[in-house]
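[1] sequence first, then the predicted structure:
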Amino acid sequence: MQKWIAQAQQLNRTDVISQRGIRFLEQLLMALPPKKAVLLPNYPNPFNPETWIPYQLAEPSEITISIYTAHGQLVRELDLGHQSVGIYQSKSRAAHWDGKNEFGERVASGLYFYTLKAGDFSATRKMLIMK
């Protein structure tokens, strides 16, 4: 279900039936506690100028998402604080990155990586900014 929701959100469908279906599946997923921590694909991807980074937690954890250039240089760190068990997938719950560095400047188009750290869990994915 999570993969379908992510794909549906990337389609950016605005018809009522699609939106209801996505909301219904999100509510079903939120009722079930995750079995493991997972870093999910950001959406939209590619993006301009902002993106959401969804994840799920099987244990309460301090959450940090770090964003790096393709060369490994830290661009921005999102300190999300302590999060409880759950699925952080919808726009209202997922991490949000506005495409800016730590100085508030928009970053250039290109390939970037994001890393989620939650307790002992760590995972990295790639994303693309296209302007």
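    It's in.
[2] show me the shaky parts of the protein.
    Scanning the chain for pLDDT under 70 picks out the ranges 1-2, 4-5, 12-13, 29-30.
[3] grab the most central residue of it for me.
    The residue lying closest to the centre of the chain (C-alpha atoms, centre = their mean) is Ile53, at 1.0 Å.
[4] identify the residues contacting that one.
    Leu39, Leu40, Asn42, Ile65, Leu78, Ala94, Ala95, His96, Trp97, Tyr114, Leu116 (C-beta atoms under 8 Å, 6 or more residues apart in numbering). C-beta: built from backbone N, CA, C; applies to glycine.
[5] partners of the fifth one in the sheet?
    Taking DSSP bridges, one obtains Ile65 as the residues bridged to Leu78.
[6] what sits opposite the residue nearest to the centre of the chain in the beta ladder?
    Beta-bridge partners, per DSSP bridges, of Ile53: Ala95.
[7] other SSEs contacting the helix or strand containing Ile67?
    Counting by DSSP states H and E, the element that carries Ile67 is strand 61-69. With contacts taken as 3 or more C-beta pairs under 8 Å, 6 or more residues apart in numbering; DSSP states H and E, strand 61-69 sits against strand 74-83, strand 95-97, strand 110-118.
[8] run the last query once more with 6 Å
    strand 74-83, strand 110-118 (3 or more C-beta pairs under 6 Å, 6 or more residues apart in numbering; DSSP states H and E).
[9] among those strands, which is nearest Asn48?
    Closest approach to Asn48 among the helices and strands packed on strand 61-69 (C-beta to C-beta): strand 110-118, 11.5 Å.
[10] the closest one: what's the following helix or strand?
    strand 121-129.
[11] residues in contact with that following strand?
    Ala37, Leu39, Asn42, Asn45, Pro46, Ser109, Leu111, Tyr112, Phe113, Tyr114, Thr115, Leu116 (C-beta atoms under 6 Å, 6 or more residues apart in numbering).
[12] for the last one, which non-adjacent residue is closest in space?
    Same thing as Leu116. Nearest non-adjacent residue to Leu116, counting by C-beta to C-beta, 6 or more residues apart in numbering: Leu39, 4.3 Å away.
[13] just grab the bridge partners of the one you found for me.
    Applying DSSP bridges, one finds that Leu39 bridges with Tyr55.
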